[in-house]
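>>> all I have is the shape, not the residue letters:
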């Protein structure tokens, strides 16, 4: 086979191919490398042909996985060969063997540049390809202008242009400054008009990269992309060479749709319509055909179209079409389509609210979890994880547990973690949660990380109702003949703390519990022995009056381990032994563990933080973000791209407060939870607490015992409960104020509870929903929410359940009817119990006067007759207001507009005045027009004169006072002393009144 | 978004062509190739053409004794890549006439040139077979 005219190369390849094993191959390669190295040593004697042959050998050897650490210079030097074949090899081998950081590459910059700006098109192509593949920053700086020039030159032929586009893409990635956005967007738009599909394909890649970096600069290109899609998908206007199995370049279609996904929305209605026509055509017109290639190509376009529809959040109809299609796909025979159906469903869940529709396919998705193909099982797992919520958590988690038994090792850890997270997040009740985790440990103990069992302990410790149940379960598991070490740890811990709650049950006396645990001691590892010793100490403490036999047994164990080589065990043994001699005092010292402070689940945190080895955990992240935004009520103040707010997740860490009270509050919160001593750093890992020995540190002042380990052992519960108030972590007054102009937001938040509100107003009626969220892992008891309505509001309220389960939210709808104008405010009296603390707050509800306004814009012809007809008090009132918060006229107009008092610019001939109007609704007044005029004094912004008019005297007074409050109040700061109002009837001698009359 | 590598590997796991669009050390390449080849070769016809591995998604297709493996990031359209592989094979077919493993082995440079005309910097440049093959025909003429 004398191929490519390089006989030596063919011979070498044949010989390699004939090698019987890796060792022979290595010997042959070494021999050849020696040969090549020798030949390169006296380079002078080499012809370009020989050089070419040897660098090919080098590339071949490199491809086989052998290091080729010489000859780079020879490869690079071929670039400057005058003839095409040598030059071509030089470029190709250089771009395979070297990377952008190689010094040799720098030597070539000049030659490469000469080829790029030279006249030989084929040389230009070679040079552009090399730079496009391995060009670094230095290339970007020295070559970008030349490459740009080629790309926009009218004389440059397509074969060069398409390479120039991708070359520029590389340079742009290396240094974004090389593309001057201002100048480039028009040129990019021109490039997208290109008829040649090769150039268009690579230009589209360049475009995707540019818009992904900054879409703002490229709005003008958006219609061009739609045009491209119309040309391809609708008009099929492409040369035969670019249709693939009858489909006009599927790659370009896909790429174009991808580019469109970088624009947040499409505003121009014509462009939007045109695009949706194309997308509709794709969604409806893609049929399943026999030819595999055609099928794949058309479905490549279809899946991209679905992604684009999801992104544009198109009309509901198209979205449901997409869900229907995906639902069909996940049940087909063709595995690729099944895989992509599942993948895209998961994506869909992340971008739009389709959870309910996707739940209909739950059975099918669960079936996919048993698919013979691991790729598909992974997608199914991700999807199940993403679609899980309180309603289906039980089903899904139980499926995951079942699957855990048969899953391959590579998936078990992930599976266990996901099951644990779902169980924690969506547990309908806590005993179920405990069941799930224990089952998890039982079935896949090796894959259950410590975090998972620590978390169970935290839950059980914080929920008294759960303790007997957990102890009983632990008792059942520990009876099994061969149990996992992790199970041993968690069971021993739980039994140590809570087995006394089972004492009346058969087989649960302290002695029996001790017996069965101690039986396992010889089989466990050192860290577990430490836990067992703590358990024994606890059992001893709980058996009051002491059983002498048990006592002696345990003492014997302690004294045996007093000489243990492991320092931790030894210390525990010594200390427990000493402590257990203290008799009655033991009960106090080894009292039950206090509640853990609420913290973010480290499990969920880990899931978020993990730079997943594979892409698998990606869904966890996106899901967590999504949940952060779903959590309780979304405040509009959050910028959309804010990092997920951990505090909004159901697991809550100790609040971080950005004010001077920080330490103070922390201290209080910590004490509330019954922990004395140092306040632990906020991020301290609770898990560390569990690993360290049990509470041995005596109360301050009691000397003799040392803190057994340094990393934050939990201290004893203080004897007396500390009385302390739970403080809100937000500024309630400010939030209330913000709700004047918003219909949803946070009303109140403290470390345990968040109250959000959402409202809709129509005429004189409104519907409010309060969201009461329990952020903690224990339930909130004695919840009471009473509304104290003012006389002008009729409030229909449903009752609040007395208990809010852990980490959940209850909704509390309210119907509001406005009877007559009034500025009085409804108050929510909200209280709950956390531990022994009663927390009570009185919160004002934003059912304020302006909520019953409907904006109205009046023309001069409408305004003046009304203004004149409401001529005098009590329908028209005027007041000079002092102490106004200084603001420009524009700011004041914005303030009024935001309160739905719509300013009509230009109605008042005096530019320092504002005229505004609105319609007020109440049962007594029906709809009533209100008119406002504010005359400001440019010399003194702190005072103004306001005239208010309406058809109802009370409304006029209330509205005037309301606006006044808004003008003088300064949110979030202490209010200035109330100004002395000087209401006065308009007298005919008042020049302002005359002016008003003339208006 | 982009293609991160293209591999051609035979049933015995021997690499016949490797082109990377991001820099990996030789050691990293060896490990990566070993891992994904093991994973993909173990799969059967009834399983889908996508395998997730580390941060890569591998789209692969088997032609007789030869596997074509394309590593992409999570943002790629999998089916488009799958058909891109077929386009590559059809292009080789047009040039070699019924392409086989040996053609690629002994014409490594041509296989590289074709791929280079089709993919640059991890992006698809050209999908017209005539245009892809034009420079190679030029080369054949001059040599």
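Sure thing, it's come through. Fair warning: this is a prediction, and the values are worked out from it, not measured in the lab.
>>> for the residue nearest to residue A:465 when sequence neighbours are not counted, what are its contacts?
Leaving aside its sequence neighbours, residue A:465 sits nearest to residue A:430 (C-beta to C-beta, 6 or more residues apart in numbering or on different chains; 7.7 Å). Every C-beta, even on glycine, is put in place using the N, C-alpha and C of the backbone. By C-beta atoms under 8 Å, 6 or more residues apart in numbering or on different chains, the contact list for residue A:430 reads A:459, A:463, A:465-466, A:806.
>>> now, of these, which are buried?
A:459, A:463, A:466, A:806 (16 or more other C-beta atoms under 10 Å in any protein chain shown).
>>> quick one: the last one and residue A:774 touch, right?
It stands for residue A:806. Yes - using C-beta atoms under 8 Å as the test, residue A:806 is close enough to residue A:774 to be in contact (6.2 Å).
>>> can you tell me which residues contact residue A:525?
Taking C-beta under 8 Å, 6+ apart as the criterion, residue A:525 is in contact with residue A:485.
>>> in chain B, which helix is the longest?
Secondary structure assigned by DSSP state H gives helix B:78-96 as the longest helix of chain B.
>>> is that one in proximity to chain A?
Yes - using C-beta under 8 Å from any C-beta of the partner chain, helix B:78-96 reaches chain A at B:78-80, B:82-84, B:86-87.
>>> tell me which helix or strand comes right after that helix.
Reading on from helix B:78-96 to the C-terminus, the next helix or strand found by DSSP states H and E is helix B:101-106.
>>> next helix or strand past that next one?
Beyond helix B:101-106 toward the C-terminal end (DSSP H and E), the next one is helix B:108-118.
>>> how about that following helix, does it reach chain A?
Yes - Helix B:108-118 is in contact with chain A by C-beta under 8 Å from any C-beta, via B:108-110, B:112-113, B:116.
>>> got any ranges where the chain has weak pLDDT?
Picking chain A for this. A:1-5, A:43, A:314, A:599-725, A:969-999 (pLDDT under 70).
>>> could you do chain B instead?
Along chain B, segments meeting pLDDT under 70 span B:1, B:143.
>>> grab the nearest non-local neighbour of whichever residue of the stretch 851-999 of chain A sits closest to chain B.
Residue of the stretch 851-999 of chain A nearest chain B, by C-beta to the nearest C-beta: residue A:898 (40.8 Å). Nearest-residue entry for residue A:898: residue A:741, 4.3 Å, with adjacent residues in sequence omitted and distances by C-beta to C-beta, 6+ apart.
>>> can you give me phi and psi for residue 17?
As the question left the chain open, I've gone with chain A. Phi and psi for residue A:17, reported as degrees, to the nearest 10, are phi -70, psi -30.
>>> ah, no, chain B please
Dihedral angles (degrees, to the nearest 10) for residue B:17: phi -160, psi 140.
>>> count of neighbours near it?
17 (other C-beta atoms under 10 Å in any protein chain shown).
>>> now for it: which residues touch it?
Contacts here follow C-beta under 8 Å, 6+ apart; on that basis residue B:17 touches A:63, B:6-8, B:104, B:108, B:111-112, B:115.
>>> may I see the buried residues of stretch A:551-559?
A:553-555, A:557-558.
>>> of all these, which two lie farthest apart?
Farthest pair in the buried residues of stretch A:551-559 (C-beta to C-beta) is A:553 and A:558. Separation: 10.0 Å.
>>> sticking with the residue lying closest to residue A:483 once chain neighbours are set aside, tell me its helix or strand.
Spatial nearest neighbour of residue A:483, excluding adjacent residues (C-beta to C-beta, 6+ apart): residue A:477 at 6.2 Å. Residue A:477 is part of helix A:466-478, with elements assigned from DSSP H and E.
>>> now that helix, how far from the chain's geometric center?
Taking C-alpha atoms, centre = their mean, to the nearest Å, one finds helix A:466-478 lying 36 Å from the centre of the chain it belongs to.
>>> ok, residues contacting it?
With C-beta under 8 Å, 6+ apart as the test, helix A:466-478 has contacts from A:430-431, A:434-435, A:438, A:442, A:456, A:459-460, A:483, A:487-488, A:490-492, A:494-495, A:497-499, A:501-502, A:505, A:507-508, A:513, A:516-517, A:520.
>>> in helices, which of those fall?
When DSSP H defines the helices, the subset of these inside them is A:430-431, A:434-435, A:438, A:442, A:456, A:459-460, A:487-488, A:490-492, A:494-495, A:497-498, A:513, A:516-517, A:520.
>>> could you list the buried residues of stretch A:727-743?
A:727-730, A:732, A:735-742.
>>> returning to that earlier point: and the residue nearest to residue A:483, how many neighbours?
Count around residue A:477 with other C-beta under 10 Å applied: 19.
>>> please apply the same query to residue A:930.
Residue A:930: 26 neighbours (other C-beta under 10 Å).
>>> contact partners for it?
Counting by C-beta under 8 Å, 6+ apart, residue A:930 has contacts A:853, A:901, A:917-920, A:948-950, A:955-956, A:959.
>>> among the residues you listed, which are located in helices?
Members of the contacts of residue A:930 lying in helices (criterion: DSSP H): A:955-956, A:959.
>>> which of those lies closest to residue A:789?
Taking C-beta to C-beta as the measure, residue A:789 lies nearest residue A:955 of the ones in helices among the contacts of residue A:930, at 19.6 Å.
>>> much appreciated, bye for now.
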